[in-house]
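Q: Predicted coordinates and the sequence they were generated for:
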Amino acid sequence: MGIGIMFSGQGTQHPEMFAGLPDDDTVASLVREACDAAGLSLQDRHLPDDACIFDNRCAQPLIVGHALACWAVLRESLPSPSAFVGYSVGEVSAISAAGALPAEAAIRLAAVRAELMEEAVDVPQSMFAVRGRVSDLDALCRDHGAWVSIDNGPEHQVISGPVTNLAALKYALQDRPASVRDIDVTVASHCPLMEAALPPFRVALDAALERPARRFVSAWSGKAPRDIPALAEALTAQISAPLRWSYTMQAVRERGVNVWLEVGCGNALARIATELSPDVPARSIADFRSLDEAIAWAQRHD
């Protein structure tokens, strides 16, 4: 039995995301690395208060930098985790925490990932979330040139595709028992539109990865790759293939995880974890006033 660490993806970053981090040399170094990779500067530990932090090229290194700066503090006091998982770009944070990539290199890899995904965009793209049980969702997506890109559970899916196709799909969903929420992204992740990014990203991974020292579980396969080729395959494939998040959460729980802690700016993954397994305690560091409070909560529940 043990704790599982979930690393957030995009969507909850904000200008104050670095403001509450401890005044620590390692943390400061990782924050600088993230801001440099994003091409942004901090003013009194605050990022620019505009849409640039949601631009893919900025967002991915910022999210990974924030997560790994937090992890640098958390790992000193948390019980040894049973597994690390990551949501979308959060997998870059997760493999670093699992020992397959130094933190600074992970931040730079996130910037490479973002750039390659941007280069794969040839038409305006986006994503949206669907809440509700839509029995013919797969068929509707096929009919409208879109894809189910993330399976968060039986009543929570994420859809990717060209903006015009998504607009038509949302219209078709109006008579279904479902609600739709737009996601503030301009890249259709985890669908075939991203296939052009795969070969160069695999090259970058092959040059950077080390064998993980701790268990990382892929949200693409639900398995724990242990050698470098399998790890690189999982991280590459998920860029253009669906994430099986609910399946992965169940697979990790079966490996002995009995408490979840999300590392990121929001608490979406903790809420999904609670929906999937209400009997398993799940919180995010964003739920607490400080990392010390998050550590104390995790220690009580381990």
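A: The structure has been received and is ready for your questions.

Q: C-alpha coordinates for the strand or helix carrying Leu116, PDB please?
A: Here Leu116 sits within helix 103-119, counting by DSSP states H and E. This file holds the C-alpha atoms of helix 103-119, laid out as PDB (Å, rounded to 0.1, in the frame of the first residue of the first chain):
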ATOM      1  CA  ALA A 103      14.400  18.100 -13.700                       C
ATOM      2  CA  GLU A 104      16.200  20.800 -15.800                       C
ATOM      3  CA  ALA A 105      16.300  18.400 -18.800                       C
ATOM      4  CA  ALA A 106      12.600  17.600 -18.300                       C
ATOM      5  CA  ILE A 107      11.700  21.300 -18.500                       C
ATOM      6  CA  ARG A 108      13.700  21.600 -21.800                       C
ATOM      7  CA  LEU A 109      12.000  18.500 -23.100                       C
ATOM      8  CA  ALA A 110       8.600  20.000 -22.400                       C
ATOM      9  CA  ALA A 111       9.600  23.000 -24.500                       C
ATOM     10  CA  VAL A 112      10.700  20.700 -27.300                       C
ATOM     11  CA  ARG A 113       7.400  18.800 -27.100                       C
ATOM     12  CA  ALA A 114       5.400  22.000 -27.300                       C
ATOM     13  CA  GLU A 115       7.300  23.300 -30.300                       C
ATOM     14  CA  LEU A 116       7.000  20.100 -32.200                       C
ATOM     15  CA  MET A 117       3.300  19.900 -31.500                       C
ATOM     16  CA  GLU A 118       2.800  23.500 -32.600                       C
ATOM     17  CA  GLU A 119       4.700  22.700 -35.900                       C
END
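
Q: Straight-line length of stretch 47-60, end to end?
A: 14 Å (C-alpha to C-alpha, to the nearest Å).

Q: any idea of the mean pLDDT in the biggest helix by length in the chain?
A: Longest helix of the chain, by residue count under DSSP state H: helix 56-74. In this model, helix 56-74 has an average pLDDT of 96.

Q: who does that helix touch, helix- and strand-wise?
A: Applying 3 or more C-beta pairs under 8 Å, 6 or more residues apart in numbering; DSSP states H and E, one finds that helix 56-74 makes contact with helix 25-38, helix 90-97, helix 103-119, strand 257-263, helix 291-301. C-betas here are computed from N, CA, C, even on glycine.

Q: returning to what we had before: also compute the angle for whatever helix or strand comes next after the helix holding Leu116 relative to helix 103-119, please.
A: Remark: after helix 103-119, the chain's next helix or strand is strand 125-131, criterion DSSP H and E. Going by axes from the mean of the first three to the mean of the last three C-alpha atoms, to 10 degrees, strand 125-131 is angled at 100 degrees with respect to helix 103-119.

Q: And the contacts of strand 125-131?
A: 137, 149, 155-163, 166, 170, 173, 178-183, 185-189, 193 (C-beta atoms under 8 Å, 6 or more residues apart in numbering).

Q: Buried residues, stretch 255-270. List them.
A: 257-270 (16 or more other C-beta atoms under 10 Å).

Q: quick one: low-confidence ranges for the stretch 1-150 of the chain?
A: 1 (pLDDT under 70).

Q: The same query, at a cut-off of 80, please.
A: 1, 44-45, 49-51 (pLDDT under 80).

Q: re earlier: out of the helices and strands packed on helix 56-74, nearest to Gln250?
A: Nearest to Gln250 among the helices and strands packed on helix 56-74 is strand 257-263 (10.2 Å), distances taken as C-beta to C-beta.

Q: follow-up on the earlier one: among the contacts of strand 125-131, name the ones in strands.
A: With DSSP state E as the criterion, strands contain 149, 156-162, 179-183 from among these.

Q: What count of nearby residues applies to the residue nearest to Trp245 when sequence neighbours are not counted?
A: In space, and not counting its chain neighbours, Trp245 is closest to Asn152: 5.1 Å by C-beta to C-beta, 6 or more residues apart in numbering. Neighbours of Asn152 under the rule other C-beta atoms under 10 Å: 23.

Q: In this structure Asn152 contacts Ser246, no?
A: Yes: with contact defined as C-beta atoms under 8 Å, Asn152 and Ser246 form a contacting pair (5.8 Å).

Q: which residues do these two both contact?
A: With C-beta under 8 Å, 6+ apart as the test, Asn152 and Ser246 both reach Ile272.
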